[in-house]
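>>> Turn this into a model:
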Amino acid sequence: MTSTPGTGSSEAEGAGAVERRTRGTSPEKREKKGGLLAWLKEIGIIVAVSVILSFLIKTFLFKAFYIPSESMVPTLEENDRIFVNLLVPRAFPLERGDVVVFRDSKGWLPAAPQNGTNPVQEALEFVGLLPDTSEQHLIKRVIGLPGDRVVCCDADSRITVNGAPLTEPYVNPAEVPRPVAFDVTVPEGTVWVMGDNRNHSSDSRFHDEAQPGSGFISISDLEGKAAVIAWPLNRLRALDNYPDTFAGVP
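Residues are numbered from 1 along each chain as shown. Okay, the predicted model is just below:
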């Protein structure tokens, strides 16, 4: 029988090389490598699901906001982080006493400075993993609903709504509010809003006086109802709309 020179030797060397490579990767190392890849894949899935859920929650249910001013003291303090219920007023009715976040479509605020953008922060705010820090939103308390007549003030310096005087426990007790006279009827599709820190809140009272009609906030501009203070943890609480205060309003 004729044999091809070198064939048997080459096959033996090839088998030996494979065997040596196989021996060079121990079962423990192969298992460890496979476990690391599985762990990384699982972490990736968890992160992706978290981002998607956060985006959906931020889009349809709740959105986080940052409080930049003192206009709602003592209810909200500067630097508080809050969660806003986006279902109010989209799916559930707005009520007097609700604390609402709204877009500044009427130019109450000065133009926001053009700071350098942080793409990472913007992305995290977009998906809802960080609170919205944009400076073109405001937060106030709803005092008058569409059709309400809101007046300041009666003989006891109280605001009245449809003739009913309000006792307002949410107003900053550290200062006696300086009365600002007004007598308005809230148009359809709008609300009348005021800050709890009355002496330090540029709200419907002042903008209506300076630019007639602009003190009324369009319901379509409302982001939602502030529901919870989420940070700092020592201020964690649900926000009240004080139904007893408005119970006597006809």
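>>> Give me the domain ranges for the chain.
16-56, 61-111+118-246 (automatic domain parsing).
>>> Mind telling me which of those the model trusts least?
Mean pLDDT is lowest for domain 16-56 among those, at a mean of 64.
>>> what are the ranges of the helices in this structure?
According to DSSP state H, the chain carries its helices in the segments 7-24, 27-60, 87-90, 119-127, 204-210, 243-246.
>>> how many neighbours does the closest residue to residue 187 other than its chain neighbours have?
Spatially, and ignoring its direct neighbours in sequence, residue 187 is nearest to residue 216 (5.8 Å; Cβ to Cβ, 6 or more residues apart in numbering). Bear in mind the C-beta positions are built from the backbone N, C-alpha and C, glycine included. Here the number of neighbours of residue 216 (other Cβ atoms under 10 Å) works out to 22.
>>> Please report the distance of residue 216 from residue 173.
28 Å (Cβ to Cβ, to the nearest Å).
>>> List the contacts of the top strand by length along the chain.
If you go by DSSP state E, the chain has its longest strand at strand 222-231. By Cβ atoms under 8 Å, 6 or more residues apart in numbering, the list of residues contacting strand 222-231 from outside reads 62-65, 76, 80-90, 94, 98-103, 137, 139, 191, 235-239.
>>> out of the residues you listed, which are buried?
Restricting these to buried positions leaves 62-65, 76, 80-86, 88-89, 94, 98-102, 137, 139, 191, 239, with burial counted as 16 or more other Cβ atoms under 10 Å.
>>> any idea how far residue 103 is from residue 136?
Counting by Cβ to Cβ - residue 103 and residue 136 are separated by 7 Å.
>>> Check residue 87 too.
Counting by Cβ to Cβ, the gap from residue 87 to residue 136 is 22 Å.
>>> Residue 176 now?
For residue 176, the distance to residue 136 (Cβ to Cβ) stands at 32 Å.
>>> And for residue 161?
Using Cβ to Cβ, we find residue 161 at a distance of 29 Å from residue 136.
>>> These two: which is more packed in?
residue 161 (22 against 13).
>>> Tell me which residues touch the more buried one, please.
Counting by Cβ under 8 Å, 6+ apart, residue 161 has contacts 96, 143-144, 148-151, 246, 249.
>>> residue nearest the centroid of this structure?
residue 64 (2.0 Å; Cα atoms, centre = their mean).
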